[in-house]
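Visitor: 3D, please:
(one chain, ligands or ions: 1)
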Amino acid sequence: MIQASELYRLQEIDLSVHQHHKRLEEIAAQLADNKALTEAQQKVTSDQQALTPLQTKVRKLEQDIQTNTAKLKETDENLYSGRVRNPKELQDMQQEIQSLKKRNQELEDVLLETMMSVDTADAALKDSTANLETLRAQFELANKGLIDEQKRLKAEGSALLKSREQLLPSIEANTMKVYNNLRGRKNYQPVAVLVNQSCSVCRVQQDLHVIQAVRKGDSLTYCSSCGRILIYRTG
Ligand SMILES: [Zn+2]
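Guide: Coordinates of the predicted model:
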């Protein structure tokens with residue numbers, strides 16, 4: 001006697017297990033795929049790396065200007081102190097003042113330029129940081145859904161496998177062998193139901209002797225067209 005209902009139930013479980021498995025693979029791939037996030041993080045790092053040396057350069061320039069200015073003030077005071085009377089020395093001092101002023105102007109120009117670069121780099125870093133935060137929030141939100149789904153699918157999968165184990169003893173070994181053999185070739189659907197004298201999968205109408213054999217259910221009977229195990233279900 002063929003255990004038609006059990007066989008059909010087994011197929012339903014196996015189809016469901018297969019779908020769960022496929023979806024779990026998709027989720028795993030999606031969770032691993034955080035390219036956008038990685039790129040956003042890299043952008044923040046590179047923006048930070050561009051900004052830091054510019055900030056260092058500004059501090060160095062400010063120090064140089066400060067040192068120069070102090071030297072300029074000192075030389076200037078010396079010049080007008082009246083302590084130095086040697087004309088050559090006085091001339092040298094005037095020349096040094098000129099040269100210090102010129103140098104300071106150059107430093108100020110570079111400083112201004114560098115500060116503008118700092119502003120640009122700082123704005124870029126703020127942008128990339130904001131972008132990273134947005135992407136991270138989005139990713140975590142998306143992942144929350146995926147992780148919840150993953151948990152649910154895994155729990156359902158275990159329950160399905162349990163049902164499968166409970167079902168297996170009620171199906172004959174030979175029938176099981178045929179089922180497993182057809183499964184791979186029939187797109188995970190080795191069992192079809194006789195509906196109005198036709199196969200529920202390929203829809204081909206069956207000959208009377210096939211219909212009789214299926215309804216009797218004494219032995220495995222196959223759809224004359226697609227070759228699936230044909231069963232008759234009363235309920
Ligand atoms: Zn068929």
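Visitor: what's the helix ranked longest in the chain packed up against?
Guide: For the chain, the helix that runs over the most residues, judged by DSSP state H, is helix 87-167. With contacts defined as 3 or more Cβ pairs under 8 Å, 6 or more residues apart in numbering; DSSP states H and E, the secondary structure elements packing on helix 87-167 are helix 4-32, helix 35-81. For the C-beta atoms, the positions are set from N, CA and C on the backbone; glycine is no exception.
Visitor: got the angle for the shortest one vs helix 87-167?
Guide: This points to helix 4-32. For helix 4-32 and helix 87-167, the angle between their directions (axes from the mean of the first three to the mean of the last three Cα atoms, to 10 degrees) works out to 180 degrees.
Visitor: circling back: export the helices and strands packed on helix 87-167 as JSON lines, with columns for mean pLDDT and distance to the ion.
Guide: Formatted as JSON lines, those follow (pLDDT from 0 to 100; distance: least, Cβ to the ion, whole Å):
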{"stretch": "helix 4-32", "mean pLDDT": "93", "distance to the ion": "14"}
{"stretch": "helix 35-81", "mean pLDDT": "95", "distance to the ion": "45"}
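Visitor: could I get the ones you listed as CSV with mean neighbour count?
Guide: CSV is the format used below for these (neighbours: other Cβ atoms under 10 Å):
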stretch, mean neighbour count
helix 4-32, 15
helix 35-81, 14
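Visitor: to residue 182, which of the ones you listed lies closest?
Guide: With distances scored as Cβ to Cβ, the stretch of the helices and strands packed on helix 87-167 nearest to residue 182 is helix 4-32 (10.2 Å).
Visitor: distance between that closest one and the chain's centre?
Guide: With Cα atoms, centre = their mean, to the nearest Å as the basis, the distance from the averaged C-alpha position of helix 4-32 to the chain average is 24 Å.
Visitor: can you tell me the element residue 230 falls in?
Guide: Element membership for residue 230, per DSSP states H and E: strand 229-231.
Visitor: and that strand, what does it pack against?
Guide: For strand 229-231, the helices and strands in contact under the criterion 3+ Cβ pairs under 8 Å, 6+ apart are helix 4-32, helix 173-185, strand 191-195, helix 208-216.
Visitor: okay, which residue is most central for this structure?
Guide: Within the chain, the residue whose C-alpha comes closest to the C-alpha centroid is residue 34; the distance, by Cα atoms, centre = their mean, is 2.3 Å.
Visitor: that one and residue 139: what is the separation?
Guide: According to Cβ to Cβ, to the nearest Å, residue 34 and residue 139 sit 6 Å apart.
Visitor: swap in residue 192?
Guide: Plainly put, residue 192 is 44 Å away from residue 139 if you go by Cβ to Cβ.
Visitor: so these two - more neighbours on which side?
Guide: A count of neighbours by other Cβ atoms under 10 Å puts residue 192 above the other of residue 192 and residue 139, at 26 against 15.
Visitor: dump the residue contacts of that one.
Guide: Under the criterion of Cβ atoms under 8 Å, 6 or more residues apart in numbering, the contact list for residue 192 reads 199-202, 223, 226, 228-231.
Visitor: same question, residue 16
Guide: With contact set as Cβ under 8 Å, 6+ apart, residue 16 has these partners: 156, 160.
Visitor: now do the phi/psi pair for residue 83.
Guide: Backbone torsions of residue 83, given as degrees, to the nearest 10, read phi -70, psi -30.
Visitor: gap between it and residue 143?
Guide: Look at residue 83 and residue 143: by Cβ to Cβ, they are 76 Å apart.
Visitor: looking at those two, which is more packed in?
Guide: Between residue 83 and residue 143, residue 143 has the larger neighbour count (other Cβ under 10 Å), namely 15 against 8.
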